[in-house]
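Enquirer: missing the sequence, but the structure's below:
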Ligand code: NAI
């Protein structure tokens, strides 16, 4: 039997030993099935701007127990700090005066969220005020306890605080769907495609193709998209046959056995969609492989295989898809990057190259798709509990698992929830970004 620290430390004896010896005791993070409500109350909303009022009203509309002062509260579920009108770093202090006391009272799995403007101003004082928010929220994420997270929404000047893209991000970060995201900022650079008719079935009527869907993160993505109302096409290599068809049966998906590196993969996908009369609303490039070696021992075949599956195949497929008539008006592309691509990782030069390349691909593709009402973004998972990470030697695995602010590995579901969010209508406002799902992994930013 495998030893698993995170599970062991949650048992009675495990808790006792960890308490006595000072070992980390990661909080059991509430997920959406444990906490389906949109906001954890009471909700303290701090700020002095009109934008603050707008955000408070939005949370009230979601039945949030909104308060403008926290001193009379014993516990606080959510803190939202709206800093959209600061023009000098000295403006921030007076707005956050109540925050330290409130931060101490945060509930298990609570949320801290800042909403501010993008640091793209020419005026040095204004830009300094805006840029400061990033260091601030990343620090709160490092100091947060009991599985609480802290993230920021950063809104471009030409986007209203009430835009669907801001409201969609607000909702995502406040729900338990973002359990394993902390210390991150999401830039909103467009209005988004509107508010979904039903938040919890926001992909109803949408067709989404997921590659590498037979197991691990891909299977979790397929299940989550199906839960959220999508019709899913699940693609994996021919060798994954029974796992793929079982999943397809389970969620009523269309299975597609194909190696994405085969030369005509893009055309075969388009032909399949045409044959079934399907127009795609989303495409998730999830299939990925590792062939780890220290770079001094790197072989051509290991390098080439990783580059081919993790990025070159995606580029080839995109080229065919984008010139086909199979993409819907609000088409959303999501690709799986990795924190290894953000910070590098010893033994993974090929993998890190491919995952940085994914971030570069979506940065260029996002604006191209935005011209036709679509978008492209990436998700960079940190340590996620899957077969891929199950192969890491136990001691190393335990170190990776705990090298983040939440002191545990994430679940495939955490990545899947983020992919579903980036496929949503409001996500049209996030263009070419990479959102990390890593519990604020200590590597990289
Ligand atoms: P996994 O190895 O468990 O599953 C990958 C799936 O992709 C498999 O079903 C496999 O058959 C399929 N696949 C591989 N090559 C293919 C090809 N040429 N054509 C079609 N399908 C192919 O991997 P896992 O852990 O679920 O990872 C999914 C994605 O998330 C990958 O892109 C991975 O790089 C990324 N990721 C995973 C992390 C983790 O902690 N597990 C961390 C960071 C990123």
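Expert: In hand now; what should we look at? Everything quoted here is computed from the prediction, not taken from an experiment. Residues are numbered from 1 along each chain as shown.
Enquirer: Which of the helices or strands spans residue 269?
Expert: helix 265-275 (DSSP states H and E).
Enquirer: what helices or strands is that helix leaning on?
Expert: Helix 265-275 makes packing contacts with strand 231-236, helix 313-322 when contacts are defined by 3 or more CB pairs under 8 Å, 6 or more residues apart in numbering; DSSP states H and E. To be clear about C-beta, it is placed using only N, CA and C from the backbone, and glycine gets the same treatment.
Enquirer: domains in the chain, as residue ranges please.
Expert: Domain ranges of the chain: 21-188, 199-437, per automatic domain parsing.
Enquirer: For those, give me CSV that also has mean pLDDT, distance to residue 443 and mean neighbour count.
Expert: CSV is the format used below for those (pLDDT from 0 to 100; distance: least, CB to CB, whole Å; neighbours: other CB atoms under 10 Å):
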stretch, mean pLDDT, distance to residue 443, mean neighbour count
domain 21-188, 96, 12, 19
domain 199-437, 96, 4, 20
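Enquirer: Figure out which of those is closest to the ligand.
Expert: Minimum separation from the ligand across the domains of the chain (CB to the nearest ligand atom) falls at domain 199-437, 2.2 Å.
Enquirer: quick one: is the closest one near the ligand?
Expert: Yes: using CB under 6 Å from any ligand atom, domain 199-437 comes into contact with the ligand via 211-212, 214-218, 236-237, 240, 259-261, 286-289, 309, 336, 338, 381, 383-384, 386-389.
Enquirer: Out of those, name the ones that lie in helices.
Expert: 216-218, 387-389 (DSSP state H).
Enquirer: rewinding a little: make TSV out of the helices and strands packed on helix 265-275 and add distance to residue 244.
Expert: As requested, the helices and strands packed on helix 265-275 are exported to TSV (distance: least, CB to CB, whole Å):
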stretch	distance to residue 244
strand 231-236	5
helix 313-322	18
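Enquirer: Which elements pack onto the longest helix along the chain?
Expert: Determined from DSSP H, the single longest helix within the chain is helix 349-370. When contacts are defined as 3+ CB pairs under 8 Å, 6+ apart, helix 349-370 packs onto helix 300-307, helix 313-322, strand 327-336, helix 339-343, strand 375-381, strand 434-437.
Enquirer: Turn those into JSON lines, including distance to residue 363.
Expert: Compiled in JSON lines, those are given as follows (distance: least, CB to CB, whole Å):
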{"stretch": "helix 300-307", "distance to residue 363": "18"}
{"stretch": "helix 313-322", "distance to residue 363": "13"}
{"stretch": "strand 327-336", "distance to residue 363": "11"}
{"stretch": "helix 339-343", "distance to residue 363": "12"}
{"stretch": "strand 375-381", "distance to residue 363": "9"}
{"stretch": "strand 434-437", "distance to residue 363": "8"}
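Enquirer: Need the contact partners of the helix holding residue 269.
Expert: 209, 233, 235, 256, 258-259, 262, 279-280, 313, 316-321, 324, 326 (CB atoms under 8 Å, 6 or more residues apart in numbering).
Enquirer: Try it again at 10 Å.
Expert: 207, 209, 211, 233, 235, 254, 256, 258-260, 262, 264, 278-280, 283, 313-327 (CB atoms under 10 Å, 6 or more residues apart in numbering).
Enquirer: Which of the helices or strands spans the residue nearest to the spatial centre of the chain?
Expert: Nearest to the mean C-alpha position of the chain, by CA atoms, centre = their mean, lies residue 418 at 3.8 Å. Element membership for residue 418 (DSSP H and E) is helix 412-422.
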